[in-house]
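Q: Sequence first, predicted coordinates after that:
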Amino acid sequence: MSEPEPSVPEPRRLEDGEIVAPAALVVPAVAEPPLEERRPWLEDHDIVDAITVPGCYTPLYLTDEGVAITTTGIGKSDAATTVTALLATPSIDLSSAYVLSTGIAGAPPDQAALGSVVVADAVVDWDRKHRWGRSDSSGDSAIDLLSYRPREYAHRLEADLVESALDAAQAVSLLENDDARAYQDRYPDAVDAETTVRTGTTVCGDEFWHGSRHAREVEWLCEQYGVAPYVTTQMEDAATATALARFGVLERYLSVRAVANYDRPAPGESVEESFDGTGESLELAIENAAIVGSAVVSVLLETDPLGVRA
């Protein structure tokens with residue numbers, strides 16, 4: 001059972017003329033059990049203030065190091081609303097802030113061990129596609145790129161920032177869990193490895209898909225954008241990246257996700273049984289995402305690799 005979140009200040013509204021200017025903004029998706037992505041951030045950092053921001057899903061918590069933490073909510077509409085509200089609020093100054101999505105993700109079993117952490121170098125929007133019903137009787141379907149595409153729906157993240165984050169991530173020790181590893185071993189095509197850190201493409205969609213057929217479609221879409229193979233799947237990061245791009249600050253964005261489950265069933269499992277992974281793999285991913293995310297944020301604050309505070 002998860003531990004309760006620590007005591008934090010009661011949220012308040014900013015006074016007239018008061019400005020909050022964090023050096024980093026951390027946006028996990030969820031605060032509520034069992035997907036408590038925010039909990040380690042409040043446990044492991046000294047929270048000194050809490051701000052109510054109109055349009056945000058939860059309060060904006062501030063640490064003594066100048067880091068702001070809030071949850072986006074699950075899915076692209078919640079994420080876009082939260083991030084846009086923060087960017088558009090005059091009393092919240094993000095002009096010199098790095099932005100970090102962090103939390104759990106799914107993955108193909110042949111790409112990463114359960115609990116591994118992936119620093120994304122590309123973010124693909126899974127929902128921007130055609131899905132064709134080829135006949136009324138066969139049940140077959142296929143996907144295609146949108147016929148009208150004002151842009152490619154893949155955000156390629158700033159390479160220098162990704163490299164700095166990867167260096168920071170690889171310097172930490174990840175947690176392991178024997179029960180999560182035992183579940184991983186049920187997949188004959190799973191990587192034969194303990195938890196690691198790597199880069200790769202993350203795919204974002206509002207559809208709760210699961211299974212090998214859909215995974216092949218996801219891989220096809222990533223191939224069309226030139227960013228295959230995909231390594232993680234989640235539901236917020238394309239929306240966060242789009243909001244940041246609209247405000248001209250996408251180059252300061254990172255996605256750090258840990259693998260909580262695989263995107264298809266193990267032999268002998270149904271899709272319903274395998275969808276969530278296990279409690280052990282979920283907890284392992286929550287903790288490792290926060291461990292790596294915290295290390296990345298510390299390095300960003302210390303080194304300012306893009307010189308945004310110069």
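A: On my side now, so go ahead. Numbers count the residues shown, from 1 in each chain.

Q: what's Gly75 in contact with, if anything?
A: Counting by C-beta atoms under 8 Å, 6 or more residues apart in numbering, Gly75 touches 206, 235-236, 239. (C-beta placed from N, C-alpha, C; glycine too.)

Q: Closest to Arg39 out of those?
A: Glu236 (17.3 Å; C-beta to C-beta).

Q: now the closest one: how far from Asp206?
A: To Asp206, Glu236 is 10 Å away according to C-beta to C-beta, to the nearest Å.

Q: Those two: which has the busier surroundings?
A: Using other C-beta atoms under 10 Å as the criterion, Glu236 and Asp206 rank with Glu236 on top: 30 against 17.

Q: Can you report phi and psi for the residue nearest to the more buried one when sequence neighbours are not counted?
A: Spatial nearest neighbour of Glu236, excluding adjacent residues (C-beta to C-beta, 6 or more residues apart in numbering): Ala79 at 3.8 Å. Torsion angles at Ala79 (phi, psi; degrees, to the nearest 10) stand at phi -60, psi -50.

Q: Can you pull the poorly scored residue ranges out of this protein?
A: 1-6, 134-141 (pLDDT under 70).

Q: for it, what spans make up the strands?
A: Ranges of strands in the chain, per DSSP state E, are 24-27, 47-51, 60-63, 67-69, 98-107, 117-125, 130-133, 141-144, 154-156, 197-204, 230-234, 253-262.

Q: Same list (the contacts of Gly75) but as TSV, adding distance to Pro11.
A: Listed next are those as TSV, based on distance: C-beta to C-beta, whole Å:
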residue	distance to Pro11
Asp206	28
Met235	25
Glu236	22
Ala239	24
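
Q: ok, the closest residue to Thr58 other than its chain neighbours to Tyr153 distance?
A: The shortest distance from Thr58 to any non-neighbouring residue, by C-beta to C-beta, 6+ apart, is to Thr71 (4.7 Å). From Thr71 over to Tyr153 the distance is 25 Å, taken as C-beta to C-beta.

Q: ok, now how distant is the residue nearest to Thr58 from Arg309?
A: Here the criterion is C-beta to C-beta. By it, Thr71 lies 25 Å from Arg309.

Q: Which of those two has more residues huddled nearby?
A: Neighbour totals were compared for Thr71 and Arg309, and Thr71 leads with 26 against 11 (other C-beta under 10 Å).
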